[in-house]
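Colleague: next one to model:
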Amino acid sequence: MSLLTILHHPDPRLRQKALPVSVFDDALQKLIDDMFETMYDAPGVGLAATQVGVALRLAVMDCSEDREHPQPLVLINPEILNPAERKEMEEGCLSVPGVGEKVQRYSRLTLRALDRQGKPYELVMEGLNAQAVQHEIDHLDGKLYIDYLSSLKRERLQKKLDKLRREDAPAKSAARG
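Modeller: Model (predicted):
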């Protein structure tokens, strides 16, 4: 397994719509394993293939609170069914690091997807699991959570991101030197 590079906003590949997965071969299995390793290392609770520059409808998730008892979930060609009750939830993203904001998400839904072998399944998801499913499917559709913010909030968030990048640049230069 190997760590993959997570793309950061405003990389245009994050806006690419992912294509359905149709081949369940060794390369897909390796990609899934690498995505889990990358997500756990980040650390995050979800990672979409588009976030690592692969335009396939594939995401991995693990919303378990205890990493000693992981609950990995593979979402291939995922769909949301029966969404219910929207709530405002705090959200962040590995592709928009260092900032977070509240967005409206469904607090309960049914997920329909394929597992890593291509076998269909359905799960009722609530809370953080439901939020993460919506977040990852948005990535597969070329959307980021910041797209749900008002233009004022997006502008404020962009200023924070720019400041974080400026502060991070000297540290990276020193590390290379």
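
Colleague: and the nearest residue to Gln104 once chain neighbours are set aside, what element?
Modeller: Spatial nearest neighbour of Gln104, excluding adjacent residues (CB to CB, 6 or more residues apart in numbering): Arg86 at 5.0 Å. Every C-beta, even on glycine, is put in place using the N, C-alpha and C of the backbone. Per DSSP states H and E, Arg86 falls inside strand 73-93.

Colleague: specify the angle between the helix or strand following that strand and strand 73-93 in degrees.
Modeller: As assigned by DSSP H and E, the chain's next helix or strand after strand 73-93 is strand 96-114. The directions of strand 96-114 and strand 73-93 differ by 150 degrees, with axes from the mean of the first three to the mean of the last three CA atoms, to 10 degrees as the criterion.

Colleague: now strand 96-114: mean pLDDT?
Modeller: In this model, strand 96-114 carries a mean pLDDT of 95.

Colleague: so, low pLDDT: which residues of the protein?
Modeller: Along the chain, the model assigns pLDDT under 70 to residues 169-177.

Colleague: please repeat the previous calculation with a cut-off of 50.
Modeller: Of all residues in the chain, none has pLDDT under 50.

Colleague: quick one: the helices in it?
Modeller: For the chain, the helices defined by DSSP state H cover 26-41, 127-140, 151-176.
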